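Q: Model the following, please.
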Amino acid sequence: MSVSSEHVNNGKECLIRIGDKLVYRLYREFRQAYTDCDPATELITVDLQNTRYIDSSALGMMLLLKKHARDNQRQIRLINVSDTILRAFEIVQLDTEFEISATTKKRQHAT
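A: Presented below is the predicted three-dimensional model:
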């Protein structure tokens, strides 16, 4: 499975882990991971530690996640983001739409 999720911090956080690629064919899996978050969840954290590639469809999927989170009064945080993935967000100017914790440059962007 390339997308997994679990509840942490007493159910207040939904942690979604992405495998080596986040691509269109994982849309249903990704969507299921965040829609299955407990109603008490306040924060959705997407861990991209193992992710080496993200396609343009996946960037759109991230925007759908953001809409879902906003509609459900939840925050989103992206963690362990590689320089390559961060650059993809920067190119399409999505780096300012998410709280991002980069792994190597140790930069953070906040909404």
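
Q: Distance check, the most centrally placed residue in the chain against L63.
A: The centroid of the chain falls nearest to V46 when counting by Cα atoms, centre = their mean (3.5 Å). Going from V46 to L63 by Cβ to Cβ, to the nearest Å gives 13 Å. No exception for glycine: its C-beta is placed from N, CA and C like everyone else's.

Q: Contacts only, for the residue nearest to the centre of the chain.
A: Taking Cβ atoms under 8 Å, 6 or more residues apart in numbering as the criterion, V46 is in contact with I16, I18, M62, L65, I76, R77, L78, I79.

Q: What is the neighbour count of the first one?
A: Read it as I16. 22 (other Cβ atoms under 10 Å).

Q: Go ahead and confirm V8 touches L15.
A: Yes: V8 lies in contact with L15 (Cβ atoms under 8 Å); the separation is 5.2 Å.

Q: hey, which helix is longest across this structure?
A: Longest helix in the chain by number of residues (criterion: DSSP state H): helix 56-71.

Q: hang on, isn't E29 packed against R17?
A: No: with contact defined as Cβ under 8 Å, E29 does not count as touching R17 (11.5 Å).

Q: any common contacting residues for those two?
A: Joint contacts of E29 and R17 (Cβ under 8 Å, 6+ apart) are V3.

Q: Which one of those two is surrounded by more residues?
A: Neighbour totals were compared for E29 and R17, and R17 leads with 20 against 17 (other Cβ under 10 Å).

Q: quick one: the helices in this protein?
A: 27-35, 56-71, 83-91.

Q: Adding mean pLDDT as columns, could you present these in TSV?
A: Below are the helices of the chain laid out as TSV (pLDDT from 0 to 100):
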stretch	mean pLDDT
helix 27-35	96
helix 56-71	96
helix 83-91	95
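
Q: out of V8 and L15, which sits in the more crowded spot?
A: Ranked by neighbour count (other Cβ under 10 Å), V8 and L15 place L15 first, with 20 against 13.

Q: Against R77, how distant is the more buried one?
A: L15 is 10 Å from R77, by Cβ to Cβ.

Q: Need the overlap of contacts for the two.
A: T45.

Q: Can you name the residues bridging to the nearest residue to S101 once chain neighbours are set aside?
A: Nearest residue to S101, sequence neighbours excluded (Cβ to Cβ, 6 or more residues apart in numbering): I79, at 4.6 Å. Counting by DSSP bridges, I79 forms beta bridges with D47.
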